[in-house]
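Q: take a look and give me a structure for this.
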Amino acid sequence: MTTLALAEANLSIDDVWVRYYGLGGAISAFELHAYLAGLLPLPSSERNLVAEATNELLELTPVQIRVPVDVDDSAAQSGGGSRRELGAAGSFLFNAEEQEGERLAAVERTQLLDSVPEDRFDRYTQQARDYFQVSSSTIALLDDRRMFLKSVLGPVAQDLSRDITFCQSTIRSAGPLIVKDALEDDRFSTNPLVTGDPFIRFYAGYPLRGPRGWTVGALCVIDQKPRDFSAKDGRFLRTLAGLVEDEIND
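A: As a prediction, the model looks like this:
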């Protein structure tokens, strides 16, 4: 709960440790990281001090979560089980291969792969295409080998190989991936989706978080001519992505 609350409030574990130490805490910052990862048990007095420090920081944010005190949260699970309970907030505890395994498990948990089109998703691709005035918009999920389009408007093929998709890069981003002109971008200028159908020149994609906060796909808009992307555009895409995430996690 502490880790999730910190993620919601955009606070770090080190922020908690500084406050915790100021309250008289005895453990190191490294030990606090291990405790919050479920890898190190602490006596009740230290756990409650961590909770107190966290709650004091949360009071300064809009986040309503508060960490309870006097609970026995010593490591009853295996280290792997504890890490998984943290979800994406504990991704730093996984190597790259393990992170991808957790991400793929989250994709499966959505139960959306190979599902039929649904109005609740199509309304957002329609809003995206209308706002940006582009040829295509998609809601894409990426498994280990392909891109499945849960919703698509425009000339984008279903089940493209994941390796060539722009969304492959989007799901690795903490924020949006914006490509104003793919022919001028060294990352994509030779991509077969740029040099051939659908001849992508402009792309904007926002990562979509699924179960336990893992990125499962992306909301994307695509066009065959380059264009600019404003701060207002970014806010609109982020807001729309948040609404899509609500549907994914419903």
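Q: what about the longest helix in this protein?
A: Ranked by residue count under DSSP state H, the longest helix found in the chain is helix 231-248.
Q: now do the domain split for this protein, please.
A: 2-93, 110-248 (automatic domain parsing).
Q: residue 101 and residue 58: what is the separation?
A: For residue 101, the distance to residue 58 equals 31 Å [CB to CB, to the nearest Å]. Heads up, the C-betas are built off the backbone N, CA and C, glycines and all.
Q: more neighbours: which of these two?
A: A count of neighbours by other CB atoms under 10 Å puts residue 58 above the other of residue 101 and residue 58, at 21 against 14.
Q: surely the more buried one meets residue 5?
A: Yes - using CB atoms under 8 Å, residue 58 is in contact with residue 5, at 6.0 Å.
Q: joint contacts of the two?
A: By CB atoms under 8 Å, 6 or more residues apart in numbering, residue 58 and residue 5 have these common neighbours: 65, 66, 67.
Q: closest one to residue 238 out of those residues, please.
A: Distance to residue 238, by CB to CB, is smallest for residue 65 among the shared contacts of residue 58 and residue 5, at 21.7 Å.
Q: can you tell me how far the closest one sits from residue 89?
A: 13 Å.
Q: check residue 68 too.
A: Applying CB to CB, the value for residue 68 to residue 89 is 18 Å.
Q: which residues are in contact with stretch 168-177?
A: Identification of contacts with stretch 168-177 by CB under 8 Å, 6+ apart yields 103, 142, 147, 162, 166, 187, 203-207, 215-218, 220, 234, 237-238.
Q: got any ranges where the chain has weak pLDDT?
A: Applying pLDDT under 70 to the chain flags the ranges 70-83, 85-86.
Q: returning to that earlier point: when residue 68 and residue 89 are compared, which one has more neighbours?
A: Neighbour count, other CB under 10 Å: between residue 68 and residue 89, residue 89 has more, with 19 against 12.
Q: OK, contacts around that one?
A: 3, 4, 6, 7, 213.
Q: of those, which pair is most distant in space?
A: Using CB to CB, those reach their maximum pairwise distance at 6 and 213, which is 12.4 Å.
Q: so the two - more neighbours on which side?
A: Legend: neighbour count by other CB under 10 Å for residue 6 and residue 213, higher for residue 6 (23 against 18).
Q: who does the strand or helix carrying the more buried one touch, helix- and strand-wise?
A: Using DSSP states H and E, residue 6 maps to helix 2-9. If contacts are counted by 3 or more CB pairs under 8 Å, 6 or more residues apart in numbering; DSSP states H and E, helix 2-9 sits against helix 13-22, helix 44-58.
Q: helices or strands up against the longest one?
A: What that stands for is helix 44-58. helix 2-9, helix 13-22, helix 29-36.
Q: got the angle between it and helix 2-9?
A: 10 degrees (axes from the mean of the first three to the mean of the last three CA atoms, to 10 degrees).
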